[in-house]
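> sharing a model prediction with you, sequence too.
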Amino acid sequence: MLPSKNKLLPLSGEIMKLSKMNVEKLRDDFPILQKTINSKPIVYFDNACMTLRPKQVIESMNQYYYEYPACAGRSSHRLGAKATEEYHKSRETVAGFIGAGPEEVIFTKNTTEGINLVANSFLFGKDEAVLTTDKEHNSNLLPWLLLKNRKGLKHLILRSNQDNTFDLEAFSQTVGTNRNIRLVSMVHTSNLDGYTIPAGEIAKIAHEHEIAVMLDCAQSAPHRRINVRDLGADFISFSGHKMLGPTGTGVLYAREDALEKLQPFMLGGETVVNSTYETYELEAPPEMFEAGLQNYAGAIGLAAAVNYLEGIPLESVEKHETSLNKAITEGLQEMPGLSVIGPKNPELRGGIVSFFSEKMNHHDIALMLDELGNIEVRAGMHCVHSWFNAHKIGGSVRASLYFYNTQEECEIFLGALRKIVKLV
Amino acid sequence: MVVCIIAAVVFGILGIFSAKYRAYAREAFRCVSRTVTFRPCDTEFNRKMKAKITASLMKRSEKLGSFVYRRFELLSWLFLVSMIASLLLAGLGGYNLAVYGNCNGPESTDICILNPEGASIVGSSAALKPELVTEDDDPSIGSGNITIVEFGCHLCPYTKKAEPVMKELLEKYEGKIRLVFRNFPVKRHRLSTEAAAASECAHEQGDALYWKYHDMMFEKQKELDSINAFKALAKAAGLDAARFNECIDSQKYLEEVEKDFMDGQAAGVYGTPTFFIGNTTIVGPKSLAEFEKAVNGQMIRNEEINACVD
């Protein structure tokens, strides 16, 4: 059963604060959080990679597979019609979540696919350039490097400030002086340090110079309210599996007029109205960008995830994560030899705490956290190899939080970490 | 790498018995195979093991966890070396068990984990052939239905070690068992053939004097380093010295000694002492309990045979 949209809506239109009681109630929806390993609960702090799924999402997908497991948009039989109806409803739900129109929402399999779709469909001219930051996930770096190598696209990188925050002045100067920039493609909230760039101002400045803007919202859409109209970006891409949705689901938003700047690079089933041996007539967006059979169960599950998030709502998620981040940051400051990546102020780092030790390997720390307390964190370069290599840092441990994490879990994490850092 | 080698062996063996270790074994083998082909290990297996071991120790003692974490590489090397040594010893034990029926070697008295009752093997030692054993006219002591034929060497410390047990056994099973001693001179003991010949010279003067000389040879085993020492011992044992000296100087019993040895070899004897109790063979100086078990077993078999005849 899908959750009731109003199930957790705040009274009197006020933003609901996530109290301990609310969090405990929400945690009941996550089957994995009810399990234990070696009689201890699981502390899941790897939400930047993938969040957990509530049973409502799982049930919605099961519903598709049990009751109408058919093709959407093609078959006219009753199962096909039901699948088409639910798929369209899912698109509308997701579009509503980000303040977009349904025709502006293209389903993808993840953020990476969304960015690649734009990279390969955007009509770049000769000697034109794309501008990124210096701490992009590989998904927003490698597509541009590929185009640079294959088609001669220019790739410019904007350096961050010393504390990894965004240098708006340098950005303004760069786009003002470099007339070849056609697209600014930047990570909205960094998976490296949780810092969120001032996207609204960036879009405003870029548009003043007739530069299109794409945002990698993989780490922002799940944690803060995104309204594409307010954000002003031409394209945004995000993943379903980082916001309670099924794996292999994602969304590319393209503003209606920005869609005209894209030419599909992948065609097939459902992308055309008609074809002959020599010609074809393209479907209207978004279908023209969704080649072949789609992940209908995934889209339906993603809509269920969106409904679930709407019931919390996101504004309180952001506050809750920041309070947890503060607790962890304060704890880390008491431990010698640990350095946090990004701004010192936890309020600027959302739900991500990325740190490294001068004396211990990050993988060792992560593995021991798992062994000692079932604490699941990520260790490595988090697909931001370029930043780590440039800064000559071998990698970091990343604790990434979500609304179902608790202060108690932060204490468990800090307690285990204190023991681990004492090893050396 | 070191951890991967250890884990590949350990989990490889454990994986034979339990599926849960097979994934670890696969990871460890992959790590080893990549490393030996000069490719980086991509499974982080060594780190996983380090974390698991350290965390497990930390739950008991944080200091111990810290100690192991800091010296993990060194400890891994030590463990690897000792593991290789253990494997080599285990291989040797397996070889000994297959060839001699005792994983500790033919002359050991230690407990063999694969054969905890010692080397009391009934028909499982491929080398020994009880059916070919004969008593010849060699000296014997005691009387009874059960005959124990011992192939021994008077200069062998293991044969010496078995002597008190034999005495005890003869006493306990008086009237039931008879012990025949046949010479099987072990070449690595200098003068072992001469010692056997000396004992035959003693036997020439009667069973009683033989067994006295026999016992004294073991008592003074370390001092028997020359022909004169055999002669001196004979005198001390009350033998007719002139007759004994003449006997030993004439080397008249060398052929007899050689025959004993050849009979022993034909029966598969490869070390001393080797005991044949019917079809049961015992190699090495074992405990009284083991001899008793063999004797009792033989008694039961004899009774069964008699019952069939009746």
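Alright, I've got the coordinates.
> quick one: neighbours of the nearest residue to residue A:44 once chain neighbours are set aside, just the number.
Distance criterion C-beta to C-beta, 6 or more residues apart in numbering or on different chains; nearest residue to residue A:44, sequence neighbours excluded, is residue A:376 at 5.1 Å. C-beta: built from backbone N, CA, C; applies to glycine. Applying other C-beta atoms under 10 Å in any protein chain shown, we find 16 other residues in the vicinity of residue A:376.
> repeat that for residue A:258.
18.
> now do the contacts for the nearest residue to it once chain neighbours are set aside.
Nearest non-adjacent residue to residue A:258, counting by C-beta to C-beta, 6+ apart: residue A:234, 3.8 Å away. Residues near residue A:234 by C-beta atoms under 8 Å, 6 or more residues apart in numbering or on different chains: A:212-214, A:254-255, A:258, A:261.
> about what we covered before: next, the residue nearest to residue A:44: phi, psi?
phi -100, psi 110 (degrees, to the nearest 10).
> check the one 4 residues further on too.
Comment: the main-chain dihedrals of residue A:380 come out as phi 140, psi -150, following degrees, to the nearest 10.
> so how far is residue A:417 from the residue nearest to it when sequence neighbours are not counted?
Once flanking residues are discounted, residue A:380 sits nearest to residue A:395: 4.9 Å by C-beta to C-beta, 6+ apart. Look at residue A:395 and residue A:417: by C-beta to C-beta, to the nearest Å, they are 16 Å apart.
> the two - which one has more neighbours?
Neighbour count, other C-beta under 10 Å: between residue A:395 and residue A:417, residue A:417 has more, with 26 against 19.
> show residues contacting the helix or strand hosting the more buried one.
Take DSSP states H and E as the rule and residue A:417 turns out to sit in helix A:407-421. With contact meaning C-beta under 8 Å, 6+ apart, helix A:407-421 is reached by A:20, A:43, A:45, A:323-324, A:327-328, A:331-332, A:335-338, A:357, A:359-360, A:364-365, A:368-369, A:372-373, A:375, A:377, A:399, B:58, B:62.
> off-centre distance for that helix?
27 Å (C-alpha atoms, centre = their mean, to the nearest Å).
> can you give me the buried ones in that helix?
Across helix A:407-421, burial judged by 16 or more other C-beta atoms under 10 Å in any protein chain shown covers A:409-410, A:412-414, A:416-417, A:419-421.
> output these in a markdown table; the columns should cover pLDDT.
Below are those laid out as a markdown table (pLDDT from 0 to 100):
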| residue | pLDDT |
| --- | --- |
| A:409 | 97 |
| A:410 | 98 |
| A:412 | 97 |
| A:413 | 98 |
| A:414 | 98 |
| A:416 | 97 |
| A:417 | 97 |
| A:419 | 96 |
| A:420 | 96 |
| A:421 | 95 |
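> between those residues, which is closest to chain B?
Lowest distance from chain B to the buried residues of helix A:407-421 (C-beta to the nearest C-beta) belongs to residue A:419, with 6.1 Å.
> what's the nearest residue to residue A:269 if we skip its chain neighbours?
residue A:292 (5.0 Å).
> helix/strand/coil for that neighbour?
Taking DSSP: H, G, I helix; E, B strand; the rest coil as the rule, one finds residue A:292 in the coil state.
> separation between the residue of chain A most remote from its centre and residue A:90?
Computed with C-alpha atoms, centre = their mean, the residue of chain A farthest from its C-alpha average is residue A:277, at 40.5 Å. Residue A:277 is 35 Å from residue A:90, where distance means C-beta to C-beta.
> please flag which of the contacts of helix A:407-421 sit within strands.
Residues of those located in strands (DSSP state E): A:43, A:338, A:357, A:375, A:399.
> what about those residues, which one has the most neighbours?
Sorting the ones in strands among the contacts of helix A:407-421 by how many neighbours each has (other C-beta under 10 Å) puts residue A:399 first, at 30 neighbours.
> and the residue nearest to that residue when sequence neighbours are not counted, what does it touch?
The shortest distance from residue A:399 to any residue other than its chain neighbours is 4.2 Å, reached at residue A:45 (C-beta to C-beta, 6+ apart). Residues counted as contacts of residue A:45 (C-beta under 8 Å, 6+ apart) are A:375-377, A:399-401, A:405, A:409, A:413.
> who in the stretch 151-300 of chain A is up against chain B?
Counting by C-beta under 8 Å from any C-beta of the partner chain, no residue of the stretch 151-300 of chain A lies close to chain B.
> distance of the residue lying closest to residue A:249 once chain neighbours are set aside from chain B?
Nearest in space to residue A:249, with sequence neighbours left out and distances taken as C-beta to C-beta, 6+ apart, is residue A:240 at 3.1 Å. Between residue A:240 and chain B the computed distance is 28 Å (C-beta to the nearest C-beta, to the nearest Å).
> what's the nearest residue in the stretch 1-150 of chain A when you look at chain B?
Counting by C-beta to the nearest C-beta, the stretch 1-150 of chain A gets nearest chain B through residue A:38, at 10.1 Å.
> wait, doesn't that residue sit right on residue A:371?
No. Using C-beta atoms under 8 Å, residue A:38 makes no contact with residue A:371, being 9.5 Å away.
> when those two are compared, which one has more neighbours?
For residue A:38 versus residue A:371, neighbours defined as other C-beta under 10 Å are more numerous around residue A:371 (21 against 7).
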